[in-house]
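Peer 1: here are the coordinates; sequence isn't available:
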């Protein structure tokens, strides 16, 4: 029992918010890590751009290097926390080709180049772990890769972007408009100066494609995801959703379903949607993330936790470090890429959803019949309709919520309503999910 | 890529609700399992008591046996779904001693004899997996053993018994008394004819000890858990909790905290408690389970899903089968028992909680001062107090909610109130958690 443990050396690429927390926890809990992984873990080098830059935690200056080779070559494990595609891609490949296991939190890299990296890992016998790449501390990658390996997953639906969730929350709880809520998020550090990747749904789409790959054992990429961001959501949309007992969230949805040709395939989309206020995802606030996974046998599971932040993300990184270190010392390996199902990516139009359409119409006889006729003409059945006075003279406000229908048909309804003479304006068209 | 896969034979012990679903899914998805585990899996034998008994799914009669040796010896994996201590313990030991990996869903066996089984597995190089033993399909065993291996867990708090959750739900939503809600649960098959293990909290206590062992890397057993069941919870308790914006749930709580002697230890308890209606656990309905895990780095995580039932539990069993099969075919092994922290079990009295005490007191001057004095005398600070008329002449109803205090001090308060002449009756004393 007192046999000396094998000693492993870890190279850390990047010492930003997450990297500095990884270093702090690895150093302060080294006895725990030795017990849990069965190997002594010491940091061999930390790759940084500027060794003189101020840092969140104190790092032994002797460990800092600007030379990638010094932080990768000869290490037993490499932790990549630089983010972005290059130089991360080159550095991760360099490690994997040497048979050095890599733990990364880089969703953009995985969504764009996952297959290539998986291949390099398999070829050299290294592990590739990336729990931190999706939803921070929430262990959904483990969940899909391992905990649900005995089930057939039918759907993954989640809130996977904390920035947009914070903005929508602020709009909902404080009645702010989109621009004010974004400014508030930027002021508090929840949104970047250029918020495009978050608010346009691109970050969520990258995560959606990673989750779908794992859930459906099929290789898909970010370009296979239909994306709509939150920039057009208004304070009035939020208020109207509340009045109907729902809240608006930016959802990432990946489903295995039957396409128009009758073949099974994968459908992926990211868009804002109304969900019922008592849905498990509705109460996911601020920077928290949550992912609902539906399995044929398991039924509905949910994974919930902090989706970002230095320490929570470091927790996910370090669980991967423990697993990779144990494999390095005692054999075994991480799950390899599993793409055996080879499902086709379905046309976005064949997704099934519900629409909530708010419009300003002429206040005259026959208008409701006209509008209802447009829905019926495209096979979209109406679940609820309500009509109110409008501030515009001669107009009234009409809200129609449909039953489930094909996305393509619902889009055609909205287009046709735009050409309908009795419809002055389509104020908003937002999907309804989670019933 | 077309190399033939290794073939593994699985012995199934027990073909009840869960066992029959495991057999059905293994057979209907054999191609999926081969891809995911990298090995062909076939069922070698199914151990049953009565081969002629009716079953939920059709099983090839040639597989059925009443001879344990025929279902264990020579198998590559054994799945134990008999439940209870014997003969499960003898059979699981028999398999592990032969180096055959075991997947079990048997919480009673693990809570009572986990260390012995872990040792047998480690000695022979076999895996011991038991995701299904706690909270059905909810992957909290994976979560604690692997996803949080890089963090220090401070608290685990969950709803881990579906029967009591169903009963409390029925009391809450339908206003039923305990006896009627139990009868309803029995009628619908959610409670057994002898409901003792569920309603007295013993099932939850077994799960609590398993979760605590994993979370705190310390060997603890069911007898280390302080247990109080739900049999004394009344419809009026539920209604009163609702009036104060809370709901009553049976919680299993395991904490790492400082004991009275200043040393760190593990505190475990199972009891009904009021929690705020907006707490993530408050909306966990019916047969669903959910476990909140708090990590120093990860913050608060939650795992949610179906806690029982044939198919959901089979999903958990089969994820373990995939992992064990992969190890059998390609090397590596399941996490071993991790008890390096060797934390002491703390005295239940040093837990910190809040009490909500409802009592019937004399309607006379000075009573409130008397009662408040009892709380103050034991160092229990009052957070809220409310007084109402009572149906009993000359009495009024008094409700006191405390701030956090030592469990032992709060118990002493209740005992002292019982001896207080101005207190006619302690109607209920229930803990408040989750703030």
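Peer 2: Structure's in. What do you need? Fair warning: this is a prediction, and the values are worked out from it, not measured in the lab.
Peer 1: give me the residue from chain A nearest chain B.
Peer 2: Residue nearest to chain B within chain A: residue A:332 (1.9 Å; CB to the nearest CB). Every residue, glycine included, has its C-beta placed from N, CA and C.
Peer 1: Run through the residues that contact residue A:186.
Peer 2: Residues counted as contacts of residue A:186 (CB atoms under 8 Å, 6 or more residues apart in numbering or on different chains) are A:192-193, A:195.
Peer 1: Quick one: buried ones out of those?
Peer 2: Buried by 16 or more other CB atoms under 10 Å in any protein chain shown: residue A:195, out of the contacts of residue A:186.
Peer 1: Sort out for me which of the contacts of residue A:186 are in strands.
Peer 2: Using DSSP state E, no member of the contacts of residue A:186 falls within strands.
Peer 1: Adding distance to residue B:419, write the contacts of residue A:186 out as CSV.
Peer 2: Below are these laid out as CSV (distance: CB to CB, whole Å):
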residue, distance to residue B:419
A:192, 63
A:193, 66
A:195, 64
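Peer 1: Looking at the contacts of residue A:186, spot the one nearest residue A:17.
Peer 2: residue A:192 (12.5 Å; CB to CB).
Peer 1: For the closest one, report the pLDDT, please.
Peer 2: Here the pLDDT value assigned to residue A:192 is 91.
Peer 1: How about the one 3 residues further on?
Peer 2: Listed pLDDT for residue A:195 reads 96.
Peer 1: Quick check: closest non-adjacent residue to it.
Peer 2: Of all residues beyond its chain neighbours, the one nearest residue A:195 is residue A:182 (6.3 Å), with distances taken as CB to CB, 6 or more residues apart in numbering or on different chains.
Peer 1: In a helix, the one you found, correct?
Peer 2: Yes. Residue A:182 forms part of a helix when assessed by DSSP: H, G, I helix; E, B strand; the rest coil.
Peer 1: My guess is it contacts residue A:164. True?
Peer 2: No. Applying CB atoms under 8 Å as the test, residue A:182 and residue A:164 come out as separate, 9.6 Å apart.
Peer 1: overlap in contacts of those two?
Peer 2: residue A:199.
Peer 1: If you count surrounding residues, which of these two has more?
Peer 2: residue A:164 (30 against 24; other CB atoms under 10 Å in any protein chain shown).
Peer 1: Name all residues that make contact with the more buried one.
Peer 2: A:198-199, A:201, A:204, A:229-230, A:250.
Peer 1: From those residues, which land in strands?
Peer 2: Per DSSP E, those map to strands at residue A:250.
Peer 1: I'd like the mean pLDDT over the longest helix seen in chain A, please.
Peer 2: Ordering each helix of chain A by length in residues (DSSP state H) puts helix A:310-330 first. With pLDDT averaged residue by residue, helix A:310-330 scores 95.
Peer 1: in that helix, what counts as buried?
Peer 2: For helix A:310-330, a neighbour-count test (16+ other CB under 10 Å) marks A:310-329 as buried.
Peer 1: same question, stretch A:334-342
Peer 2: So, applying 16+ other CB under 10 Å, buried residues of stretch A:334-342: A:334-335, A:337-339, A:341.
Peer 1: just checking: which of those also lie near chain B?
Peer 2: Contacts with chain B are made by A:338, A:341 out of those, judged by CB under 8 Å from any CB of the partner chain.
Peer 1: Can you say which helix or strand has the residue nearest to residue A:120 when sequence neighbours are not counted in it?
Peer 2: Spatial nearest neighbour of residue A:120, excluding adjacent residues (CB to CB, 6+ apart): residue A:96 at 4.0 Å. For residue A:96, the host element (DSSP states H and E) is helix A:88-97.
Peer 1: and the helix or strand just after that helix, is it in reach of chain B?
Peer 2: Where DSSP H and E defines the elements, the next helix or strand beyond helix A:88-97 is strand A:101-104. No. On the criterion CB under 8 Å from any CB, strand A:101-104 is out of touch with chain B, staying 9.7 Å away.
Peer 1: now stretch A:136-148
Peer 2: Yes. Using CB under 8 Å from any CB, we find that stretch A:136-148 touches chain B at A:137-139, A:142-143, A:146-148.
Peer 1: Now restrict those to buried residues only.
Peer 2: A:137-139, A:142-143, A:146-148.
Peer 1: Would you reformat the residues you listed as TSV and include secondary structure?
Peer 2: Compiled in TSV, these are given as follows (three-state DSSP):
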residue	secondary structure
A:137	coil
A:138	coil
A:139	coil
A:142	helix
A:143	helix
A:146	helix
A:147	helix
A:148	coil
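Peer 1: and those as CSV, adding pLDDT?
Peer 2: Listed next are those as CSV, based on pLDDT from 0 to 100:
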residue, pLDDT
A:137, 93
A:138, 94
A:139, 93
A:142, 91
A:143, 92
A:146, 89
A:147, 88
A:148, 91
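Peer 1: Among the residues you listed, list the two that are farthest apart in space.
Peer 2: A:137 and A:148 (18.7 Å).
Peer 1: looking at chain A, which residue ends up farthest from its center?
Peer 2: residue A:365 (46.5 Å; CA atoms, centre = their mean).
Peer 1: That one and residue A:422, how far apart?
Peer 2: Using CB to CB, to the nearest Å, residue A:365 is found at 10 Å from residue A:422.
Peer 1: try residue A:61
Peer 2: For residue A:61 relative to residue A:422 (CB to CB), the value is 73 Å.
Peer 1: okay, the two: which has more neighbours?
Peer 2: Neighbour count, other CB under 10 Å: between residue A:61 and residue A:422, residue A:422 has more, with 18 against 9.
Peer 1: shouldn't that one be in contact with residue A:368?
Peer 2: No. If you go by CB under 8 Å, residue A:422 and residue A:368 don't touch, sitting 9.1 Å apart.
Peer 1: can you list the residues of the stretch 51-200 of chain A near chain B?
Peer 2: Within reach of chain B by CB under 8 Å from any CB, the stretch 51-200 of chain A has these residues: A:131, A:137-139, A:142-143, A:146-152.
Peer 1: so which two of the residues you listed are the farthest from each other?
Peer 2: That would be A:137 and A:152, which, of those, are the farthest apart (CB to CB) at 26.9 Å.
Peer 1: Residue A:16 reaches residue A:81, doesn't it?
Peer 2: Yes. Contact criterion CB under 8 Å: residue A:16 and residue A:81 qualify, at 6.7 Å.
Peer 1: Neighbour count for those two, which is higher?
Peer 2: More crowded of residue A:16 and residue A:81, by other CB under 10 Å: residue A:81, with 26 against 16.
Peer 1: which of the residues in stretch A:165-181 are buried?
Peer 2: A:165-172, A:176, A:178, A:181.
Peer 1: Run through the strands of the stretch 201-350 of chain A in chain order.
Peer 2: A:226-227, A:246-258, A:264-276, A:288-295, A:299-306 (DSSP state E, counting those that start in this stretch).
Peer 1: List the beta-bridge partners for residue A:65.
Peer 2: Residue A:65 forms beta bridges with residue A:47, as assigned by DSSP bridges.
Peer 1: In contact with it, which residues are there?
Peer 2: By CB under 8 Å, 6+ apart, the contact set of residue A:65 is A:45-48, A:51, A:71.
Peer 1: Equivalent analysis for residue A:410, please.
Peer 2: A:353-355, A:378, A:380, A:402.
Peer 1: ok, of those, which come out buried?
Peer 2: Judged by 16+ other CB under 10 Å, buried ones among the contacts of residue A:410: A:353-355, A:378, A:380, A:402.
Peer 1: Can you list the helices and strands that the helix or strand where residue A:359 lies packs against?
Peer 2: Assessed by DSSP H and E, residue A:359 sits inside strand A:352-362. Applying 3 or more CB pairs under 8 Å, 6 or more residues apart in numbering or on different chains; DSSP states H and E, we find strand A:352-362 packed against helix A:235-243, helix A:367-377, strand A:395-402, strand A:405-406, helix A:407-418, strand A:423-432.
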